[in-house]
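Participant: attaching a predicted model along with its sequence, questions to come.
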Amino acid sequence: MILVTGATGKVGSEAVRLLAAQHAPVRALVRDPSRAPRGGNGGTVEVVTGDFDRPATLDAAMRDVDTVLLVSPAVPAQEIAVIDSAVRHGVRHIVKVTSKASADSPVDRRRGQAQIEAHLQACGVAHTLLRSNAYLQNLLALAPMISRSQGFLMSAGDGRVGMIDARDVAATAAVIAAAPGEHAGRTHWLTGPDLVTYTDVAHELSAALGHPVEYRRTTPDRHRAAMVQAGVPEAVATSNAQAFGLIADGDAAWLTSDVETITGQRPRDLRSFLADHVAAFQ
Ligand SMILES: NC(=O)c1ccc[n+]([C@@H]2O[C@H](COP(=O)([O-])OP(=O)(O)OC[C@H]3O[C@@H](n4cnc5c(N)ncnc54)[C@H](OP(=O)(O)O)[C@@H]3O)[C@@H](O)[C@H]2O)c1
């Protein structure tokens, strides 16, 4: 049995659908069962209600589980609780979705990921890390501003990003979760097919929407203030602004072929992502 956490989220929901469609035994951990993903292609999904903050619910979800696909907002105490529950129940492999984690990163969520990874390493269970570049789905956060003002504020300068569609992270995770053996102890670096800048994003959005979309450049400090004013929690705005500043300095300008090597499919690019989500920007 494969347990997928964060199964109503971007990566988890798609991974559940893909696993069910290939008739793999899959259990979706959700807080709200009415929002649980369904299996396509006649596949079934077992749904279990649980909460990272309630360890007893995690223990109940781990029954007969061999492999955990660990996706969450990456709050260290919560993921550590899932890992500890998996250890208690003899889970054999954990596939962890992560980012460019580092214990000395200026970005607090990357330090948090490093703390979780260290715990995973120490717990002794075989595991695989999926270290992704920025998700194309982050662009959806710009949609309200674009539909209101035909442009977006951004502090990433001319930094290039190997943006990846979260559905391709899910597809890669599903392949590994279904047959994890050869991936034990490995870290895969997941990216889309191209390095794109926010100038490219504005250009592609303009083409997709049929009107000009302006990239309004700002500094990370001003961007942080604008995000807070728009209602983004201060800690999230701080991390976002730090991450965009790093992008401007080249931190996200990396590409790999790991998605295609593992899934056999070329990952989706910016244009196909926008084609699938154009309505959100209108
Ligand atoms: N965004 C990026 O650019 C990027 C890049 C690289 C790596 N990552 C990594 O991707 C991961 C996030 O994946 P995602 O974007 O697929 O997540 P997401 O869409 O934000 O979904 C989060 C999931 O976690 C669930 N959840 C939240 N709190 C919970 C709780 N207390 N108990 C049980 N479930 C809970 C949510 O359930 P509800 O629906 O009930 O809220 C939802 O299913 C993180 O590890 C992040 O570091 C992101």
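Facilitator: Ah, there it is. Numbers count the residues shown, from 1 in each chain.

Participant: list the contacts of residue 113.
Facilitator: Contacts for residue 113 (Cβ atoms under 8 Å, 6 or more residues apart in numbering) come out as 74, 98-99, 101. Every C-beta, even on glycine, is put in place using the N, C-alpha and C of the backbone.

Participant: can you redo those residues as CSV with neighbour count and pLDDT?
Facilitator: Shown next, in CSV, are the contacts of residue 113 (neighbours: other Cβ atoms under 10 Å; pLDDT from 0 to 100):
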residue, neighbour count, pLDDT
74, 20, 96
98, 20, 98
99, 20, 97
101, 21, 96
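
Participant: inside helices: which ones of those residues?
Facilitator: Assigned to helices by DSSP state H, none of those qualify.

Participant: of the residues you listed, closest to residue 115?
Facilitator: Closest approach between the contacts of residue 113 and residue 115, by Cβ to Cβ: residue 101, at 8.5 Å.

Participant: how close does the closest one get to residue 6?
Facilitator: 17 Å (Cβ to Cβ, to the nearest Å).

Participant: try residue 18
Facilitator: Distance, residue 18 to residue 6, by Cβ to Cβ: 15 Å.

Participant: now do residue 273
Facilitator: Residue 273 is 20 Å from residue 6, by Cβ to Cβ.

Participant: and for residue 31?
Facilitator: With distances taken as Cβ to Cβ, residue 31 is found 10 Å from residue 6.

Participant: okay, the two: which has more neighbours?
Facilitator: A count of neighbours by other Cβ atoms under 10 Å puts residue 6 above the other of residue 31 and residue 6, at 25 against 16.

Participant: tell me the secondary structure at the more buried one.
Facilitator: State at residue 6, reduced to three classes by DSSP: H, G, I helix; E, B strand; the rest coil: coil.

Participant: can you map out the strands along the stretch 51-200 of the chain?
Facilitator: For the stretch 51-200 of the chain, the strands defined by DSSP state E, counting those that start in this stretch occupy 67-70, 93-98, 126-132, 151-154, 187-190.

Participant: so how far is the last one off the chain centroid?
Facilitator: Taking Cα atoms, centre = their mean, to the nearest Å, the mean C-alpha location of strand 187-190 is offset from the chain mean by 13 Å.

Participant: cool, stretch 271-282 as well?
Facilitator: Centroid displacement of stretch 271-282 relative to its chain, using Cα atoms, centre = their mean, is 18 Å.

Participant: alpha carbons of it, as PDB, please.
Facilitator: Only the C-alpha atoms of stretch 271-282 are listed here, as PDB (Å, rounded to 0.1, in the frame of the first residue of the first chain):
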ATOM      1  CA  ARG A 271       3.300  27.600 -22.700                       C
ATOM      2  CA  SER A 272       1.400  24.300 -22.100                       C
ATOM      3  CA  PHE A 273       0.900  25.200 -18.500                       C
ATOM      4  CA  LEU A 274      -0.600  28.600 -19.500                       C
ATOM      5  CA  ALA A 275      -2.800  26.900 -22.100                       C
ATOM      6  CA  ASP A 276      -4.200  24.700 -19.400                       C
ATOM      7  CA  HIS A 277      -4.700  27.600 -16.900                       C
ATOM      8  CA  VAL A 278      -5.500  30.500 -19.100                       C
ATOM      9  CA  ALA A 279      -9.000  31.000 -17.600                       C
ATOM     10  CA  ALA A 280      -7.500  31.700 -14.200                       C
ATOM     11  CA  PHE A 281      -5.700  34.800 -15.600                       C
ATOM     12  CA  GLN A 282      -8.700  36.300 -17.400                       C
END
